[in-house]
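Participant: Here is my input; please provide its structure:
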Amino acid sequence: MSCLIKGRYADPRICLKVLSHPLRRKILHKLAVQTIDGPVNKKELAKAVGIGYQELLYQLNNHLKSFWEVKQEQKKRGAHEEFIAPPDPNTVYIMIGEGATIYVIDPLANIFGKLSDGTRCDHCPTEQVEKCLEKIKTEKYFGLSLEERRKQEKLLAANNRSNPPNPMDFIASYIALKSLEGEMCTVQICETECHFIKAVRLNIQK
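Facilitator: Here you go, the predicted model:
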């Protein structure tokens, strides 16, 4: 098993709809946790969130369309049942706003806000962060030019993040730098070494 983290730039209009709305944040977090091992049906998700089924459908269909998709369908006692999940599991959405402020939507970590407020990697031991950085240094995304690295350092400094960046800082700043090019950033870390993913699974089992 591996921890595959995908960074994706988010349309600011969509991103702001989530950042400013506690219920939408809760839905995205529960969706990410409930589907870590496979899709979930909408009724189960509504129960996990603690809202009515119709309210969940309204939010999914009107405000959160880009954050989920139907993975499988089945008929049960004549009813049509859809099982949904994020398009790509463990995706972190990035938006860059005024004053080079980077905003992060990390549903699995239940983090919604400015990069300066922190990332999932901030809660990992230093040794863990160093291991993850070593693991992902082979990724093509580390092949930034000298000019791009300087821009990345300035961007992180503007968001009160230290240099060198931790893995999530790197993903967020890379996506922000490449936002005009529409590029994604995918890094893979062995799950047995990922402190965060192990903690998520432990909480699910409780």
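Participant: The most centrally placed residue in the chain: helix or strand, and which one exactly?
Facilitator: Centroid-nearest residue in the chain, with Cα atoms, centre = their mean: residue 92, separated by 2.3 Å. Here residue 92 sits within strand 91-96, counting by DSSP states H and E.
Participant: What of residue 84?
Facilitator: Residue 84 belongs to strand 79-85 when elements are defined using DSSP H and E.
Participant: For that strand, what does the pLDDT average out to?
Facilitator: Averaging pLDDT along strand 79-85 yields 88.
Participant: Over to stretch 145-155?
Facilitator: Across stretch 145-155, pLDDT averages out at 88.
Participant: Bridge partners for the nearest residue to residue 106 once chain neighbours are set aside, pull those for me.
Facilitator: In space, and not counting its chain neighbours, residue 106 is closest to residue 92: 4.7 Å by Cβ to Cβ, 6 or more residues apart in numbering. C-beta here means a position set from N, CA and C on the backbone, and glycine is covered the same way. With DSSP bridges as the criterion, residue 92 is bridged to residue 7.
Participant: so residue 86 touches residue 71, yeah?
Facilitator: No - contact criterion Cβ atoms under 8 Å: residue 86 and residue 71 do not qualify, at 9.5 Å.
Participant: These two - which one has more neighbours?
Facilitator: residue 86 (20 against 15; other Cβ atoms under 10 Å).
Participant: Pop out the phi and psi values for that one.
Facilitator: Phi and psi for residue 86, reported as degrees, to the nearest 10, are phi -60, psi 150.
Participant: Distance from the chain centre to the strand holding residue 84, please.
Facilitator: 23 Å (Cα atoms, centre = their mean, to the nearest Å).
Participant: Can you tell me the closest non-neighbouring residue to residue 53?
Facilitator: residue 46 (4.7 Å).
Participant: Repeat that for residue 168.
Facilitator: When the adjacent residues along the chain are set aside, residue 168 lies closest to residue 119, with 3.7 Å between them (Cβ to Cβ, 6+ apart).
Participant: so who does the one you found touch?
Facilitator: 104, 106, 109, 111, 166, 168, 169, 172 (Cβ atoms under 8 Å, 6 or more residues apart in numbering).
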